[in-house]
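Colleague: model this:
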Amino acid sequence: MSQKLLKDIDGLLFSIGGEWLLSKAINPLSNEDLQSIEIKVATILHGAASKVGDEELAAFISMVMESKSPEDLLANPKITKVVEKAFGTIALSMSSKDWKKVQKDLKNVYIRTKQLWSEKLKIVSSFTLQDEGAIEYLHENSQFWFKNTFLSKDKQALVVEKMRAIGEDAKASGLGRKELAQNIEDKLGHYFNPDYPYWNVQASSMLVRARTVSTLRSFSEAGCTTYRWIAMGDERTCPICGSLDGQEWSVSTALKHVEKEMSLKDPEDLKYSSPWVYPEMKNNEFTGKGLIYKKSTEKIQKANMEVVELESTSLSDIGVNCPPIHGNCRCVLVASKFSKAFPQEKMLVSQDNIYKHKGHTPRVF
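Modeller: This next block holds a predicted model:
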């Protein structure tokens, strides 16, 4: 069967609501296409942190075991400085060679996404200084999140708190040095050396972000004024993404938010510029609202989370208007409305047909 015929069948099924083809039809660089790149990037991140993390954990355990009173050392306020130093070493474990590999993969995702959208939207795409700036921002964004895994004051405070709890437990139960050392490794090891799935989430977020920014740039070049949020709609779809499915957003507003992020000087501000959203649950039922972390100097706790409406114009203001909005977010964007200079016919299929059978009423924020 020819590729042209396959595309024609794909477009026909899509236009009459073929949901099983949804991702393939509207998302040029699909989640499946990203998976092999995610594995590659996750392996780089995990490998860079793993060796140093294990070494720092072993050095910490040795220091505790060699002290006269391990339990008292764990409770000593000075242990905070020890944790800061150890985690700082791990945060700097990525070599420039490793980061160049990650940057290359981010750039490939960005460029490939733009090329595929230019084919689908029938536009001549060019690689501009804005694109170069966006890729540099994405790379810096990735470095920040890698380092923040270890440099986060909240995480360091949590580790110190757990160390003190281990010390108190050892005192109360009379644990020997060998048992205490094993206890530290069992309860703190994953903070020094997060396992592979953690880095896979990091890699996925980096690459989905690159695809999203490239998509928004492509939409802008094609004269697209609004885009539609598409959730996968399967059993793995989270309540938040399901609530956003079908909503429409302004392309220019989304790009302004990206530009605002690119100009941020304080890395801590990056945490809250595009927050991840968690479903608010009551009695094990989703309330229809989301939760985001508030900016605070205090240790992050549930009380420091803010409730947000999921059908509100305020979502754009807080940066919840494009994927990813949580770990392993699979949502995609589709061009929805075009300016008069770029008529709707530029899309291969009519996007509105998808929603007739789903009962959606598109909203523009």
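
Colleague: contacts and neighbour counts: CA atoms only from here.
Modeller: OK.

Colleague: Just want the phi and psi numbers for the residue nearest to the spatial centre of the chain.
Modeller: Taking C-alpha atoms, centre = their mean as the criterion, Ser205 is the residue nearest the geometric centre of the chain, at 3.1 Å. Here is the backbone geometry of Ser205 (degrees, to the nearest 10): phi -60, psi -40.

Colleague: does it really touch Arg330, like I thought?
Modeller: No. Proximity of Ser205 to Arg330 does not meet the contact threshold set by C-alpha atoms under 8 Å, at 9.6 Å.

Colleague: For the two, list the residues in contact with both.
Modeller: Pro324 (C-alpha atoms under 8 Å, 6 or more residues apart in numbering).

Colleague: And the next helix or strand past the longest strand along the chain?
Modeller: Assignment by DSSP state E gives strand 285-293 as the longest strand of the chain. Toward the C-terminus, strand 285-293 is succeeded by strand 305-309 as the next helix or strand (DSSP states H and E).

Colleague: so what does that next one touch, helix or strand wise?
Modeller: strand 285-293 (3 or more C-alpha pairs under 8 Å, 6 or more residues apart in numbering; DSSP states H and E).

Colleague: ok now do Pro197, which residues does it touch?
Modeller: Neighbours of Pro197 in contact, by C-alpha under 8 Å, 6+ apart: none.

Colleague: now Val109
Modeller: When contacts are counted by C-alpha under 8 Å, 6+ apart, Val109 touches 34, 207, 210-211.

Colleague: Out of those residues, which is nearest to Val83?
Modeller: Distance to Val83 across those (C-alpha to C-alpha) is lowest for Leu207, with 30.4 Å.

Colleague: so that closest one touches Glu38, yeah?
Modeller: Yes. Using C-alpha under 8 Å, Leu207 and Glu38 qualify as a contacting pair, with a distance of 7.2 Å.

Colleague: more neighbours, these two?
Modeller: Neighbour totals were compared for Leu207 and Glu38, and Leu207 leads with 27 against 24 (other C-alpha atoms under 10 Å).

Colleague: returning to what we had before: per-residue confidence at the residue nearest to the centre of the chain?
Modeller: Looking at Ser205, its pLDDT is 92.

Colleague: need the helix or strand of this structure with the lowest average pLDDT.
Modeller: Ranking every helix and strand in the chain by mean pLDDT, DSSP states H and E puts helix 352-356 at the bottom, with a mean of 36.

Colleague: Show me where the stretch 51-200 of the chain has its helices.
Modeller: For the stretch 51-200 of the chain, the helices defined by DSSP state H, counting those that start in this stretch occupy 70-75, 79-91, 96-121, 129-151, 153-173, 177-192, 196-221.

Colleague: So which bits of the third one are buried?
Modeller: For helix 96-121, the buried set under the neighbour-count rule, 16 or more other C-alpha atoms under 10 Å, comprises 98-99, 102-103, 105-118, 120-121.

Colleague: try the second one
Modeller: Of the residues in helix 79-91, those with enough neighbours to count as buried (16+ other C-alpha under 10 Å) are 79-80, 83-84, 86-91.

Colleague: quick one, that helix and helix 153-173 angle?
Modeller: For helix 79-91 and helix 153-173, the angle between their directions (axes from the mean of the first three to the mean of the last three C-alpha atoms, to 10 degrees) works out to 130 degrees.

Colleague: What's the mean pLDDT across helix 79-91?
Modeller: For helix 79-91, mean pLDDT is 95.

Colleague: Can you redo the helices of the stretch 51-200 of the chain as JSON lines, where the extra columns are distance to Ile61?
Modeller: Shown next, in JSON lines, are the helices of the stretch 51-200 of the chain (distance: least, C-alpha to C-alpha, whole Å):
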{"stretch": "helix 70-75", "distance to Ile61": "10"}
{"stretch": "helix 79-91", "distance to Ile61": "11"}
{"stretch": "helix 96-121", "distance to Ile61": "28"}
{"stretch": "helix 129-151", "distance to Ile61": "18"}
{"stretch": "helix 153-173", "distance to Ile61": "11"}
{"stretch": "helix 177-192", "distance to Ile61": "6"}
{"stretch": "helix 196-221", "distance to Ile61": "23"}
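
Colleague: Among those, single out whichever gets nearest to Val320.
Modeller: Nearest to Val320, of all those, is helix 196-221, at 12.6 Å by C-alpha to C-alpha.

Colleague: Tell me where the model's unsure across this protein.
Modeller: Scanning the chain for pLDDT under 70 picks out the ranges 1-31, 267, 295-304, 312-313, 340-365.

Colleague: related to what we said a few turns ago, mind checking which of the helices of the stretch 51-200 of the chain is nearest Ala58?
Modeller: helix 177-192 (8.4 Å).

Colleague: Can you give me the buried ones in that closest one?
Modeller: Buried residues in helix 177-192, counted by 16+ other C-alpha under 10 Å: 177, 180-181, 183-185, 188-189, 191-192.

Colleague: Among those, find me the one that's closest to Ser50.
Modeller: Nearest to Ser50 among the buried residues of helix 177-192: Phe192, at 8.2 Å, using C-alpha to C-alpha.

Colleague: ok, the closest one - contacts?
Modeller: Phe192 sits in contact with 53-54, 56-57, 87, 90, 150, where contact means C-alpha under 8 Å, 6+ apart.

Colleague: Now render those residues as TSV, adding distance to Thr128.
Modeller: Output for these, formatted as TSV (distance: C-alpha to C-alpha, whole Å):
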residue	distance to Thr128
Gly53	39
Asp54	42
Glu56	43
Leu57	45
Phe87	38
Ile90	35
Phe150	35
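
Colleague: Nearest to Lys68 among the residues you listed?
Modeller: Of those, the one sitting nearest to Lys68 (C-alpha to C-alpha) turns out to be Leu57, at 19.2 Å.
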